[in-house]
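A.B. asks: here is the input, now give the coordinates:
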Amino acid sequence: MGELSSATISVLQSFLAKRTTVQGQGGLLTGQDPATYNTTDPLRLWIIQLGIIIIMAQLLGLILGRIRQPRVIAEILGGILLGPTAFGRIPGFTNHIFPASSIPYLSLTANIGLCLFLFIIGLEIDPSVIRRNARVSIAVSLAGVLLPFGVGCGISIALYHHFIESSSPNSNYFMLFIGVSFSITAFPVLCRILSALKLLDTTVGLIALSAGVANDVIGWSLLALAVSFVNATSGLTALWTFLTCLAYTLFLLFPIKWALLWLARKTGSTAHGPTMFYMTVVMLVLWASALFTDIVGVNAIFGAFVVGVIVPREGGTSIVFVEKLEDMVQIIFLPLYFTISGLNTNLGLINTSTAWGFVFAIATLDFTGKFTGCTLSSRALGFSWREAIAVGSLMSCKGLVELIVLNVGLSAGILTRQVFSMFVLEALILTFMTTPLVNLIYPPKHRTFGLGATASSGDTEEKTISKDSDGVEDGAWRHRFAVVLDEFNHMPGIMALTKLVLPPTASRGIKSNKPSVNALRLIELSERTSTMMKSAMTETLISTDPLVGVFKMFAEQSDIPVSASLSVVSHNDWAHVVTEHAERHGSQLVLIPWIPPSLSPTTDPTETGSSQPRVTKPEPNSFDTFFGLSSKDNAESTLCSHFVRGVFRHSKTDVALFVDLGDNAGTNGQQHVLCPFFGGADDRLALELVVQLCMNPRMSATVVRVGKRVEQPGIARPEFAVIDEKAGLEPGSASLTFSSTVYGKPNTAYVLQSETADDLTWTRYASPTFDKDTHAELRSGLSRIEFTDVAQAPVLHALVQRAKQLRETPRRVLVVAGRSKRFHREDVVHELKQLVEEQRCTGHELVQNTIGDVGTAFVMAAGVASGVVVVQAVGDSAAEV
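C.D. replies: Residues are numbered from 1 along each chain as shown. Now for the predicted structure:
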């Protein structure tokens, strides 16, 4: 028993002794300050530091984003404010939150993030950009490096004698670092500025991107050279260090690059994205390369940068790498690095008139050298003065890259804290002034697209035919279509609509008008680096994009000639891009898909007497509401509705919207079209489209003319539409406030003119007169159309009932209706409200604002139609503002 007691006491004594040596493990409940730094548990303070840094960067980013400044400005400014310049003046702040003993841990994390960021920069560099524009990129980048380098070397002499001479014996190293900092251009910041100003596809954007890539390569090479000289003990050692680094770079650029490409193909990473094994290999190569360049006397960031350059671009592999790394690097690691820079920056040291004079001189000479070299070289290449000046302004942005150069110089003892602070302020000024300066010099009205091509140069000789052209006499059926590809879940709808509007192969020969489809793939451009890389790699992406591949395969199987293009733009600009694409290709009809909210593409069992599945509104689920699942779907539908309404508003071409109700049974069987004809330009377009659809032997139609409404004379037609800022939105998306277009009633003369056109169009097709043995295909198509009318009220109920009767036959029913937002009838609006109450639908306002009253009635009446096509004639879209 004594031995056991002794052993127990011994264990307890050792445990208590160990516990007394461990500090801070009790936490907040023991009365200890959680922010107290503890070497055995540095995580607590690191988390507090990280939280403060991220919150500061995000708040400043929100403020500066209002004036379209890049996020790097907020991150640099946040680091400066947390340093001795501002918050450091608060008594106890620096010692409590950023004590000197915690900086090594913070610096280690920041440098890990910096290596990953340089790896991402290397991934951003596309050698094909330099190859495609070799003459421009090499000339502008060399001029933008040599002249600023010389200017920097010149002012470095004065800086050295005033601020450095007593602390550093070698002025050559100082001159070299100042020259490199003057010659550098912040390529990542440049990309974000081009994106924010919508310049990526302009002439200026292409010049700046290609020159920025070359400038980046030259700049990092100069930095590696400078670091090798600084770390060497003699000139011969510096030469050996540089030659070793050069040999290692060539080793990476050829054998290792080929090996990575072989491994990527072997593991299927180029076809299906990088595998876990392939990513592991690349990460090992990354850190091995960083280690090697660090131990030979060159900074570790250079090794990380070169590995990013050699990662294969085939199949978008580099883009996937960026997508997997960028969020963590941008949100956590980079703000840490800027904070380390901010802690070393003390603007209070710039406390003399001489120092402020040098700050002004540094900023002026740095901008002048870069601006003059890039502007004159661009002008010498044949670009206009406005374009050349815009390129010079863009290439003068500094941002993060100059801070990296300055931090390397500070850590090597080349720069003092005062000179470091002066250059940080200069980098902040030049980066801040880039956006407003380019906006002033290169406004949208002066922008051209492509290298030397204007925005209108892409227009084809084909022009959009008039919607009122005589389809009988002239054979002017629509045969040039613009198809929008945006999301994968919209693919069934857009393929169904494309198959419907094209005539069958046997009848494709009217007046030698061969059908053509121009598909436009839209990708949203965000602040992420990966989307900016996509915008610069459209030629590669268009051959690997899954949506384009699926649509091309569908077109090949359906014998449809297709040309595809890809555009990476912000979501707010999608409608304008679609409009410009349709005009450029001379399209006669724009085809867009849309899935309405609260109507998931799920099917019920087949109804009795019907062989077609029907779509039903899902039962509300309290768990979906609690976890916000339904609101997410509604928010996506609201965003898509905003895009669709933008196309309706701005399009100068007829538009057809396919409202996908989830019945994906296919388009090869017998189909019947129901077309309600109220009158107006949109309904006339709908009738012409139905006639064209019925040229297909598998299609039949019923066109129902609705009785005329009672007119209210004396109401003037407004010149412009009125914007209702209180448009109803789907529940769960109240934060998305998009305006709704509301039309006033047209006057009597306008109504009479429209009704005359309605009567002519109706007579042309309902009671046609043909010569014998002419228009055989049209006569065949019209023979499959039943023309009738409905006069009883309520009209919508009668139309829905007619659709239900057609649905009872074993065929799919498609509704084609005009959007008819201008010819708005009060009786139809009131009846729609009744129909919504009967169907117990909520949030119908979004659907109504998007597709109009008639289309909404068929969408809300679940199971009535397989799909709804809503059309708008070009005449109506022009009036929307």
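A.B. asks: ok, now how distant is the most centrally placed residue in the chain from Ser570?
C.D. replies: In the chain, the centroid-proximal residue (C-alpha atoms, centre = their mean) is Leu525; its distance is 1.3 Å. Separation of Leu525 from Ser570 (C-beta to C-beta, to the nearest Å): 5 Å. Just so you know, the C-beta spots here come from the backbone N, C-alpha and C atoms, and that holds for glycine as well.
A.B. asks: distance of the residue nearest to the centre of the chain from Leu657?
C.D. replies: 24 Å.
A.B. asks: ok, the residue nearest to the centre of the chain touching Leu194?
C.D. replies: No - shown here, Leu525 and Leu194 do not form a contact pair, counting by C-beta atoms under 8 Å, at 10.4 Å.
A.B. asks: give me the common contacts of the two.
C.D. replies: Residues touching both Leu525 and Leu194 by C-beta atoms under 8 Å, 6 or more residues apart in numbering: Leu200.
A.B. asks: so is Asn518 in a helix, a strand, or just coil?
C.D. replies: Assigned with DSSP: H, G, I helix; E, B strand; the rest coil, Asn518 falls in the strand class.
A.B. asks: show me what contacts it?
C.D. replies: 480-483, 562-565, 581, 585, 587.
A.B. asks: contact partners for Leu806?
C.D. replies: 672, 674, 702, 813.
A.B. asks: just checking, the last one is part of a strand?
C.D. replies: This points to Val813. Yes - with three-state DSSP as the criterion, Val813 is part of a strand.
A.B. asks: ranges for the helices of the stretch 51-200 of the chain?
C.D. replies: Secondary structure of the stretch 51-200 of the chain (DSSP state H, counting those that start in this stretch): helices located at 71-82, 93-97, 103-124, 127-132, 134-159, 171-183, 187-196.
A.B. asks: can the ones you listed go into JSON lines with extra columns for distance to Gly219, mean neighbour count and mean pLDDT?
C.D. replies: JSON lines is the format used below for the helices of the stretch 51-200 of the chain (distance: least, C-beta to C-beta, whole Å; neighbours: other C-beta atoms under 10 Å; pLDDT from 0 to 100):
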{"stretch": "helix 71-82", "distance to Gly219": "16", "mean neighbour count": "24", "mean pLDDT": "92"}
{"stretch": "helix 93-97", "distance to Gly219": "33", "mean neighbour count": "15", "mean pLDDT": "91"}
{"stretch": "helix 103-124", "distance to Gly219": "11", "mean neighbour count": "21", "mean pLDDT": "91"}
{"stretch": "helix 127-132", "distance to Gly219": "14", "mean neighbour count": "14", "mean pLDDT": "75"}
{"stretch": "helix 134-159", "distance to Gly219": "7", "mean neighbour count": "20", "mean pLDDT": "92"}
{"stretch": "helix 171-183", "distance to Gly219": "6", "mean neighbour count": "24", "mean pLDDT": "90"}
{"stretch": "helix 187-196", "distance to Gly219": "9", "mean neighbour count": "24", "mean pLDDT": "83"}
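A.B. asks: helix, strand or coil: sort out Leu674 for me.
C.D. replies: Assignment for Leu674 (three-state DSSP): strand.
A.B. asks: hmm, it is touching Met699, no?
C.D. replies: No - using C-beta under 8 Å, Leu674 makes no contact with Met699, being 11.9 Å away.
A.B. asks: looking at the two, which one has more neighbours?
C.D. replies: Between Leu674 and Met699, counting by other C-beta atoms under 10 Å, Leu674 is the more crowded of the two (25 against 22).
A.B. asks: what mean pLDDT does the helix or strand hosting Leu685 have?
C.D. replies: Using DSSP states H and E, Leu685 sits within helix 681-693. Across helix 681-693, pLDDT averages out at 91.
A.B. asks: which residue is the nearest non-sequential neighbour of Asn439?
C.D. replies: Excluding the flanking residues, the one nearest Asn439 by C-beta to C-beta, 6 or more residues apart in numbering is Leu197, at 6.6 Å.
A.B. asks: distance of that neighbour from Phe187?
C.D. replies: 16 Å.
A.B. asks: could you do His576 as well?
C.D. replies: 28 Å.
A.B. asks: quick check: Phe229 touching Ala238?
C.D. replies: Yes - counting by C-beta under 8 Å, Ala238 is a contact partner of Phe229 at 4.6 Å.
A.B. asks: name the nearest residue to Val405, sequence neighbours excluded.
C.D. replies: Ser181 (4.8 Å).
A.B. asks: got any ranges where the stretch 501-650 of the chain has weak pLDDT?
C.D. replies: 503-513, 536, 598-635 (pLDDT under 70).
A.B. asks: in it, which spans are strands?
C.D. replies: All strands of the stretch 501-650 of the chain, identified by DSSP state E, counting those that start in this stretch, fall at 516-524, 562-569, 589-594.
A.B. asks: now render these as a markdown table, adding distance to Gly297.
C.D. replies: Listed next are those as a markdown table, based on distance: least, C-beta to C-beta, whole Å:
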| stretch | distance to Gly297 |
| --- | --- |
| strand 516-524 | 43 |
| strand 562-569 | 41 |
| strand 589-594 | 58 |
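A.B. asks: what's the closest of the ones you listed to Gln872?
C.D. replies: Ranking the strands of the stretch 501-650 of the chain by their distance to Gln872 (criterion: C-beta to C-beta) puts strand 589-594 first, at 9.5 Å.
A.B. asks: ok so, going back, of the strands of the stretch 501-650 of the chain, which is nearest Leu223?
C.D. replies: Nearest of these (C-beta to C-beta): strand 562-569, 30.6 Å.
A.B. asks: so that closest one versus helix 187-196, what angle?
C.D. replies: Interaxial angle of strand 562-569 relative to helix 187-196 (axes from the mean of the first three to the mean of the last three C-alpha atoms, to 10 degrees): 110 degrees.
A.B. asks: strand 562-569 pairs with which strands, and in what direction?
C.D. replies: strand 516-524 (parallel) (DSSP bridges).
A.B. asks: what angle sits between the partner strand and strand 589-594?
C.D. replies: Using the same axes, to 10 degrees: strand 516-524 against strand 589-594 is 40 degrees.
A.B. asks: would you mind putting the CA coordinates of strand 516-524 into CSV?
C.D. replies: C-alpha atoms of strand 516-524 as CSV (Å, rounded to 0.1, in the frame of the first residue of the first chain):
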residue,chain,number,x,y,z
SER,A,516,-27.7,30.0,-87.9
VAL,A,517,-27.3,30.1,-84.2
ASN,A,518,-24.8,32.3,-82.3
ALA,A,519,-24.4,31.1,-78.8
LEU,A,520,-23.1,33.4,-76.1
ARG,A,521,-21.7,31.9,-72.9
LEU,A,522,-21.9,34.3,-70.0
ILE,A,523,-19.6,34.0,-67.0
GLU,A,524,-19.9,36.3,-64.0
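A.B. asks: so Ser377 sits right up against Val140, yeah?
C.D. replies: Yes - under the criterion of C-beta under 8 Å, Ser377 makes contact with Val140 at 4.9 Å.
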